[in-house]
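S.K.: sequence unavailable; structure follows:
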């Protein structure tokens, strides 16, 4: 109606203004960011069964695309690529580092597990506003960048094919809380200077070697399992009283297991299996009720500590423990409070356990006593090399046989 009142000379201008105001040409997004999203779309595709890119129709507002959030001034702040629902197919293609590096306001970048290849550019990891970086479960490869944004709080690059060393700069970020680099092919030593106030550190399943440097006392979760790390860890673990989860399994660690770690108020999972820890266990206090303690396949000796009786699962198999199992530990298994008690492949001479419920598993093969047949059902397939050690392996220091006074009845 109003257009009929305009002079004929202004009619073309009205058409241009109308087109500019239409959704198809709405200029809410910065042109550089618009081009970056187009490049992302060209680089990546949905795997069969995924419809993540169905909403990426560039005739509309890109700030309404799935996985995209924008600031009030039209800059992309979040880029979450792929359907985040559990079991949803991911994406394929080549990681668009060059395009993403042109998004200066990006604070969060994530990529769901899929088949995305390529490398991670320092131009991406150094984006000044970046606080969250998670690209786990893809096929990214080559060395990690040497520089990272100072604002980063979370970095998860696990389950890719990254090689080279752990960048020292990563462990010096002043606000970094979570670092997950597990299941890659990283090698060399863990950087010696760790200044980040980490809560969660996961470097498992790499090719790391050398010792463990001093770690921040803020740590709650620590996993270094499945590497080639060596040396003692007592001095490191003692200074981490907030730990609730520790997994140092499948390494070459040696020396004592510090007694303090058993008494940490939050410890719920202590996994030290398949190392070369030795000496006697001297817990500084009782283990937290319901905890899992796995010290299997080491060279630990002496008596089984009664402080383990409060744990829910105890794995001591494959060590050199001798003597009797404390009555407190046996009673916990009998009552079902301890659901797993694995003692096989030691030198124990007395295990008075009776009436174990069906919900509990007790295995005591290959000690200096023969367990009753009922115990065999609780043992794993590789629970021991036989029911009882030969007597020649059960002699004390003076050549006397250990006196087997053990009765196991289930």
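M.R.: Arrived safely. Source: prediction; values computed, not measured.
S.K.: C-alpha from now on. contacts and neighbour counts both.
M.R.: Will do.
S.K.: any buried residues in stretch 353-367, and which?
M.R.: For stretch 353-367, burial by neighbour count (16 or more other Cα atoms under 10 Å) applies to 353, 356, 360-367.
S.K.: downstream of the lowest-mean-pLDDT helix or strand in the chain, the next helix or strand is which one?
M.R.: Least confident helix or strand of the chain, by mean pLDDT, DSSP states H and E, is helix 11-21 with a mean of 34. Using DSSP states H and E, the next helix or strand after helix 11-21 towards the C-terminus is helix 31-43.
S.K.: who are the packing partners of whichever helix or strand comes after that next one?
M.R.: Where DSSP H and E defines the elements, the next helix or strand beyond helix 31-43 is strand 44-46. Packing partners of strand 44-46 (3 or more Cα pairs under 8 Å, 6 or more residues apart in numbering; DSSP states H and E): strand 91-94.
S.K.: from residue 352, how far out is residue 182?
M.R.: Residue 182 sits 42 Å away from residue 352 when distances are taken as Cα to Cα, to the nearest Å.
S.K.: more neighbours: the two, which one.
M.R.: Taking other Cα atoms under 10 Å, residue 182 and residue 352 do not tie; residue 182 has more neighbours (24 against 18).
S.K.: that one and residue 201 touch, don't they?
M.R.: No. Taking Cα atoms under 8 Å as the definition, residue 182 is not a contact partner of residue 201, at 9.3 Å.
S.K.: inside strands: which ones of the buried residues of stretch 353-367?
M.R.: Within the buried residues of stretch 353-367, residues falling in strands by DSSP state E are 353, 361-363.
S.K.: columns distance to residue 102 and pLDDT on top of these, output as CSV?
M.R.: Below are those laid out as CSV (distance: Cα to Cα, whole Å; pLDDT from 0 to 100):
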residue, distance to residue 102, pLDDT
353, 67, 79
361, 57, 89
362, 59, 89
363, 60, 90
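S.K.: format these as JSON lines; extra columns: distance to residue 110.
M.R.: Below are those laid out as JSON lines (distance: Cα to Cα, whole Å):
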{"residue": "353", "distance to residue 110": "52"}
{"residue": "361", "distance to residue 110": "42"}
{"residue": "362", "distance to residue 110": "44"}
{"residue": "363", "distance to residue 110": "45"}
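S.K.: which one of those residues is nearest residue 317?
M.R.: Using Cα to Cα, residue 363 comes nearest to residue 317 of these, at 8.8 Å.
S.K.: burial check on residue 156, number of neighbours?
M.R.: Counted by other Cα under 10 Å, the residues lying close to residue 156 total 18.
S.K.: can you report phi and psi for it?
M.R.: With angles defined as degrees, to the nearest 10, residue 156 sits at phi -130, psi 100.
S.K.: what are the bridge partners for it, then?
M.R.: residue 134, residue 180 (DSSP bridges).
S.K.: ok, which stretches of the stretch 51-200 of the chain are helices?
M.R.: 97-100, 122-125 (DSSP state H, counting those that start in this stretch).
S.K.: for residue 163, give the beta-bridge partners.
M.R.: Under the criterion used (DSSP bridges), residue 163 bridges to residue 143.
S.K.: can I assume residue 176 is in contact with residue 149?
M.R.: No. Residue 176 is not in contact with residue 149 according to Cα under 8 Å; the separation is 10.1 Å.
S.K.: got a list of what the residue nearest in space to the middle of the chain touches?
M.R.: Residue closest to the average C-alpha location in the chain (Cα atoms, centre = their mean): residue 202, at 4.6 Å. Residue 202 sits next to 179-182, 221-224 when contact means Cα atoms under 8 Å, 6 or more residues apart in numbering.
S.K.: so which of the residues you listed comes closest to residue 267?
M.R.: residue 221 (9.7 Å).
S.K.: what does the closest one show for phi and psi?
M.R.: Dihedral angles for residue 221 - degrees, to the nearest 10 - are phi -130, psi 130.
S.K.: count the neighbours of it for me.
M.R.: That count, for residue 221 with other Cα under 10 Å as the rule, works out to 19.
S.K.: then residue 252?
M.R.: 21.
S.K.: one more: the one 4 residues further on?
M.R.: A count of neighbours around residue 256, defined by other Cα under 10 Å, yields 19.
S.K.: for residue 231, see how far away it is.
M.R.: For residue 256, the distance to residue 231 - Cα to Cα - is 10 Å.
S.K.: helices of the stretch 301-410 of the chain, residue ranges please.
M.R.: 327-334, 373-376.
S.K.: which one of those helices has the poorest average confidence?
M.R.: In terms of mean pLDDT, the lowest-scoring of the helices of the stretch 301-410 of the chain is helix 373-376 (a mean of 58).
S.K.: you'd agree residue 261 is in a strand?
M.R.: No. Under the criterion used here (DSSP: H, G, I helix; E, B strand; the rest coil), residue 261 is helix, not part of a strand.
S.K.: that one reaches residue 241, doesn't it?
M.R.: Yes. Taking Cα under 8 Å as the definition, residue 261 is a contact partner of residue 241 at 7.4 Å.
S.K.: who has more neighbours out of these two?
M.R.: residue 261 (25 against 18).
S.K.: OK, contacts around the more buried one?
M.R.: Counted by Cα under 8 Å, 6+ apart, residue 261 has contacts 237-238, 241, 267, 283-284.
S.K.: just the buried ones among these, please.
M.R.: Here, 16+ other Cα under 10 Å leaves 237, 241, 267, 283 buried among these.
S.K.: can you redo those residues as JSON lines, where the extra columns are distance to residue 290?
M.R.: JSON lines is the format used below for the buried ones among the contacts of residue 261 (distance: Cα to Cα, whole Å):
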{"residue": "237", "distance to residue 290": "21"}
{"residue": "241", "distance to residue 290": "18"}
{"residue": "267", "distance to residue 290": "10"}
{"residue": "283", "distance to residue 290": "16"}
